[in-house]
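Asker: Fold the following and give me the result.
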Amino acid sequence: QVQLVESGGGLVQAGGSLRLSCAASGRAFSNYNMAWFRQAPGKERQFVAAINWSGTTYYADSDEGRFTISRDNAKNTVYLQMNSLKPVDTAVYYCAAGAGRAYYSTYYSDSAKYSYWGQGTQLTVSS
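Answerer: Below you'll find the predicted structure:
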(Lines give C-alpha, C1' and ligand atoms only; values in the text may rest on other atoms or scores of the structure.)
Protein backbone atom coordinates (compact mmCIF):
# COMPACT_ATOMS: atom_id res chain seq x y z
CA GLN A 1 0.00 0.00 0.00
CA VAL A 2 1.25 3.46 -0.90
CA GLN A 3 -0.13 6.74 0.36
CA LEU A 4 0.60 9.93 -1.53
CA VAL A 5 0.34 13.48 -0.26
CA GLU A 6 0.80 16.41 -2.62
CA SER A 7 1.83 19.90 -1.58
CA GLY A 8 3.05 23.13 -3.10
CA GLY A 9 0.02 24.27 -5.01
CA GLY A 10 -1.29 27.80 -4.84
CA LEU A 11 -1.89 30.99 -6.74
CA VAL A 12 0.80 32.27 -9.10
CA GLN A 13 0.91 34.88 -11.81
CA ALA A 14 1.37 33.96 -15.43
CA GLY A 15 5.05 33.57 -16.23
CA GLY A 16 5.86 32.49 -12.71
CA SER A 17 7.24 29.22 -11.37
CA LEU A 18 6.15 26.71 -8.78
CA ARG A 19 7.34 23.35 -7.53
CA LEU A 20 4.92 20.66 -6.49
CA SER A 21 5.96 17.89 -4.14
CA CYS A 22 4.48 14.47 -3.54
CA ALA A 23 5.51 12.56 -0.45
CA ALA A 24 4.98 8.83 -0.48
CA SER A 25 4.62 6.49 2.45
CA GLY A 26 5.22 2.78 2.33
CA ARG A 27 8.10 0.61 1.30
CA ALA A 28 10.06 0.34 -1.91
CA PHE A 29 9.30 3.81 -3.23
CA SER A 30 12.20 3.48 -5.66
CA ASN A 31 10.45 0.56 -7.37
CA TYR A 32 7.44 2.64 -8.34
CA ASN A 33 6.78 4.67 -11.41
CA MET A 34 5.62 8.13 -10.37
CA ALA A 35 3.54 10.55 -12.38
CA TRP A 36 1.70 13.83 -12.30
CA PHE A 37 -1.72 14.29 -13.84
CA ARG A 38 -3.97 17.32 -13.78
CA GLN A 39 -7.65 17.99 -14.10
CA ALA A 40 -9.15 21.35 -14.96
CA PRO A 41 -12.81 22.11 -14.19
CA GLY A 42 -15.10 20.37 -16.65
CA LYS A 43 -12.25 18.52 -18.33
CA GLU A 44 -10.85 15.01 -18.22
CA ARG A 45 -7.77 14.13 -16.23
CA GLN A 46 -4.67 14.81 -18.32
CA PHE A 47 -1.16 13.39 -18.19
CA VAL A 48 1.56 15.88 -17.31
CA ALA A 49 4.79 14.00 -16.62
CA ALA A 50 6.16 10.71 -15.33
CA ILE A 51 9.41 9.30 -14.03
CA ASN A 52 9.80 5.58 -13.98
CA TRP A 53 11.55 3.30 -11.54
CA SER A 54 14.86 3.69 -13.43
CA GLY A 55 14.67 7.48 -13.60
CA THR A 56 13.57 7.82 -17.21
CA THR A 57 11.24 10.78 -17.67
CA TYR A 58 8.24 11.29 -19.93
CA TYR A 59 6.32 14.46 -20.65
CA ALA A 60 3.13 15.51 -22.30
CA ASP A 61 3.75 17.33 -25.56
CA SER A 62 1.82 20.33 -24.25
CA ASP A 63 4.43 20.91 -21.54
CA GLU A 64 6.73 22.33 -24.21
CA GLY A 65 9.77 21.90 -22.00
CA ARG A 66 8.36 24.04 -19.20
CA PHE A 67 7.96 21.23 -16.68
CA THR A 68 10.57 18.99 -15.06
CA ILE A 69 9.80 15.89 -13.03
CA SER A 70 12.33 14.47 -10.62
CA ARG A 71 12.47 12.11 -7.69
CA ASP A 72 14.44 11.74 -4.50
CA ASN A 73 14.27 8.13 -3.46
CA ALA A 74 15.98 8.84 -0.16
CA LYS A 75 13.12 11.17 0.74
CA ASN A 76 10.36 9.14 -0.90
CA THR A 77 9.37 12.26 -2.78
CA VAL A 78 8.66 13.19 -6.38
CA TYR A 79 8.70 16.77 -7.61
CA LEU A 80 7.24 18.72 -10.48
CA GLN A 81 9.04 21.96 -11.29
CA MET A 82 6.83 24.18 -13.39
CA ASN A 83 8.16 27.27 -15.15
CA SER A 84 6.63 29.88 -17.44
CA LEU A 85 3.21 29.07 -16.10
CA LYS A 86 0.13 29.94 -18.12
CA PRO A 87 -3.52 30.35 -17.13
CA VAL A 88 -4.28 27.12 -19.04
CA ASP A 89 -2.13 25.29 -16.47
CA THR A 90 -4.79 26.01 -13.84
CA ALA A 91 -5.99 22.66 -12.53
CA VAL A 92 -5.90 20.25 -9.65
CA TYR A 93 -2.62 18.36 -9.88
CA TYR A 94 -2.54 14.73 -8.81
CA CYS A 95 0.40 12.54 -7.96
CA ALA A 96 0.18 8.87 -8.89
CA ALA A 97 2.23 5.72 -8.31
CA GLY A 98 2.31 2.48 -10.22
CA ALA A 99 4.40 -0.67 -10.10
CA GLY A 100 4.43 -1.83 -13.73
CA ARG A 101 7.32 -2.19 -16.15
CA ALA A 102 7.31 -1.08 -19.76
CA TYR A 103 9.68 0.36 -22.31
CA TYR A 104 7.29 2.44 -24.38
CA SER A 105 6.31 5.96 -23.46
CA THR A 106 2.55 5.67 -23.87
CA TYR A 107 2.49 3.24 -20.96
CA TYR A 108 3.49 5.96 -18.55
CA SER A 109 0.90 8.47 -19.74
CA ASP A 110 -1.97 6.04 -19.14
CA SER A 111 -3.74 6.81 -15.88
CA ALA A 112 -4.96 3.21 -15.68
CA LYS A 113 -1.36 2.07 -15.10
CA TYR A 114 -1.25 3.83 -11.73
CA SER A 115 -2.78 2.16 -8.70
CA TYR A 116 -2.27 4.85 -6.09
CA TRP A 117 -3.36 8.46 -6.17
CA GLY A 118 -3.01 11.48 -3.96
CA GLN A 119 -5.81 13.84 -3.02
CA GLY A 120 -4.60 16.56 -5.36
CA THR A 121 -3.30 20.09 -4.95
CA GLN A 122 -4.81 23.14 -6.63
CA LEU A 123 -2.74 25.34 -8.91
CA THR A 124 -4.26 28.59 -10.11
CA VAL A 125 -2.41 30.74 -12.61
CA SER A 126 -3.71 34.27 -12.95
CA SER A 127 -3.33 36.31 -16.11
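Asker: show me where the chain has strands.
Answerer: 3-7, 10-13, 18-25, 33-39, 46-51, 57-59, 67-72, 77-82, 91-98, 116-117, 121-126 (DSSP state E).
Asker: contacting residues for the closest residue to N31 other than its chain neighbours?
Answerer: Leaving aside its chain neighbours, N31 sits nearest to W53 (5.4 Å; criterion: C-beta to C-beta, 6 or more residues apart in numbering). To be clear about C-beta, it is placed using only N, CA and C from the backbone, and glycine gets the same treatment. For W53, the contacting residues are 30-33, 101, by C-beta atoms under 8 Å, 6 or more residues apart in numbering.
Asker: Pull out the buried residues from those residues.
Answerer: Neighbour-count burial (16 or more other C-beta atoms under 10 Å) is assigned, among the contacts of W53, to 32-33.
Asker: Same list (the contacts of W53) but as TSV, adding pLDDT.
Answerer: Formatted as TSV, those follow (pLDDT from 0 to 100):
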residue	pLDDT
S30	92
N31	93
Y32	96
N33	97
R101	90
